[in-house]
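Engineer: can't give you the sequence, but here's the structure:
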């Protein structure tokens, strides 16, 4: 077991949505904040080799969370940029960490790495059984190359890297920008805007029958830190709840919490993606005791309360 309290930690993406939660979790487990370094994109461009060499120096553990990421529209509009940025950041940072003698490297990947037609629930052993969904393949494959790199470096150099696959995240601090947001924040914003503008109906893409799985960001952070401490295997590892929720049920929950009583107009002419998407989360529980604690209802209430808070609104 790795004692993180005695390590110097580099946390890329540490000011972002997930990174902020991971930093909180590290500090909650007893890691002094002075031992956590968070490089900022404004001063440290991880697409540059010299920057990667500089930031990993004198660090024992690297949590690589930095990413160029967005919703489906952003993926469709910027496939080249997404592939290049995510591939070059990860590949160079891992190589720099290897050369620097880093003890452990934690890659936070994406379920977009999974094949488009993999059976549900998604199990880690099916990760190579086909090509990812075309719309998000450039992003997913850029991240997947870090899985290949980690396995290759372990074989040749004995380098300790792990690859984690968290499901759709949500929670306070999420991205609510329409171009970059995922389903939960997008729906919260859509319904909040409808209430603010006095609309009596909201249009939602698809039929509402598709299922998705949602993981509260603080639970994801707990899983990532547990894996860093207790998991050391080149095989990828799912992080999720193992619970499917229909988009219709998700919309109903958000409307109920936010007090929106208008109609939901399902736009079946618009794409809704996979009919089902859910992870098999049993390995994480078996390997390092991770079980998500936060119910979807509880997580939505906390997220919506944060979104509607005067402090957040004042900073928009």
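Structural biologist: Perfect, thanks for sending it. As the structure is a prediction and not an experimental result, all values here were calculated from the model.

Engineer: Could you check the pLDDT of residue 109?
Structural biologist: Residue 109 is assigned a pLDDT of 98 by the prediction.

Engineer: Check whether it really touches residue 161, as I assumed.
Structural biologist: No: with contact defined as Cβ atoms under 8 Å, residue 109 does not reach residue 161; the gap is 11.3 Å. Placement of C-beta: from N, CA and C, glycine included.

Engineer: residue ranges of the helices in the stretch 201-316 of the chain, please?
Structural biologist: Ranges of helices within the stretch 201-316 of the chain are 217-230, 247-258, 282-288, 296-308, 310-315, based on DSSP state H, counting those that start in this stretch.

Engineer: most neighbours per residue, which of these?
Structural biologist: By mean neighbour count, with neighbours taken as mean count of other Cβ atoms under 10 Å, helix 217-230 ranks first of the helices of the stretch 201-316 of the chain at a mean of 23.

Engineer: Run through who's touching that helix.
Structural biologist: Helix 217-230 has contacts (Cβ atoms under 8 Å, 6 or more residues apart in numbering) with 1-4, 17-18, 21-22, 24-26, 29, 61, 63, 104, 106, 108, 162, 164, 166, 169-174, 237, 239, 241, 284, 287-290, 292-294.

Engineer: and if we set it to 6 Å?
Structural biologist: Contact with helix 217-230 is made by 1-2, 21-22, 25, 106, 164, 166, 169, 171, 239, 288, 290, 292-294, as judged by Cβ atoms under 6 Å, 6 or more residues apart in numbering.

Engineer: cool, stretch 241-261 as well?
Structural biologist: Contact with stretch 241-261 is made by 187-188, 191, 195, 208, 210-211, 213, 215, 264, 278, 281, 292, 300-301, 304, as judged by Cβ under 6 Å, 6+ apart.

Engineer: from the contacts of helix 217-230, which would you call buried?
Structural biologist: Using 16 or more other Cβ atoms under 10 Å as the burial test, those include 2, 21-22, 25, 106, 164, 166, 169, 171, 239, 288, 290, 292, 294 as buried.
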